[in-house]
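**Q** Make a model of this:
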Amino acid sequence: MSVCEEYDVAKLTVLDISKSKDRLVEYFAKYCVADASSRTSGKGTSRKNDEAGDVNTASIA
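**A** Numbering: from 1, shown residues only. Model (predicted):
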């Protein structure tokens, strides 16, 4: 099974992501928490929350 089939995405989408790998890694390094396990969602910090200050995301479903 290919990545495209497994995640139900188009081949062009996977190609675009592959081409943008360097920029995505830069973005991650700049905006995401180094230790994702310390956050309840497991996702990095969004830019919107960084600009707005400390936002309690625990109440967001």
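**Q** Not counting its neighbours along the chain, what's nearest residue 11?
**A** residue 4 (5.3 Å; CB to CB, 6 or more residues apart in numbering). All C-beta spots, glycine's among them, are computed from the backbone N, C-alpha and C.
**Q** Is that neighbour in contact with residue 14, as I believe?
**A** Yes: counting by CB atoms under 8 Å, residue 4 sits close enough to residue 14 to count as a contact (5.8 Å).
**Q** quick revisit: roughly how far apart are the residue nearest to residue 11 and residue 22?
**A** Taking CB to CB, to the nearest Å as the measure, residue 4 falls 22 Å from residue 22.
**Q** how close does residue 3 get to residue 29?
**A** Separation of residue 3 from residue 29 (CB to CB) stands at 24 Å.
**Q** do residue 13 as well
**A** If you measure residue 13 against residue 29 using CB to CB, the figure is 23 Å.
**Q** In terms of neighbours, single out the busier of these two.
**A** A direct count of neighbours by other CB atoms under 10 Å for residue 13 and residue 29 places residue 13 higher, at 12 against 9.
**Q** so where does the more buried one fall, helix or strand?
**A** Assigned by DSSP states H and E, residue 13 belongs to helix 11-19.
**Q** In contact with residue 3, which residues are there?
**A** 9, 14 (CB atoms under 8 Å, 6 or more residues apart in numbering).
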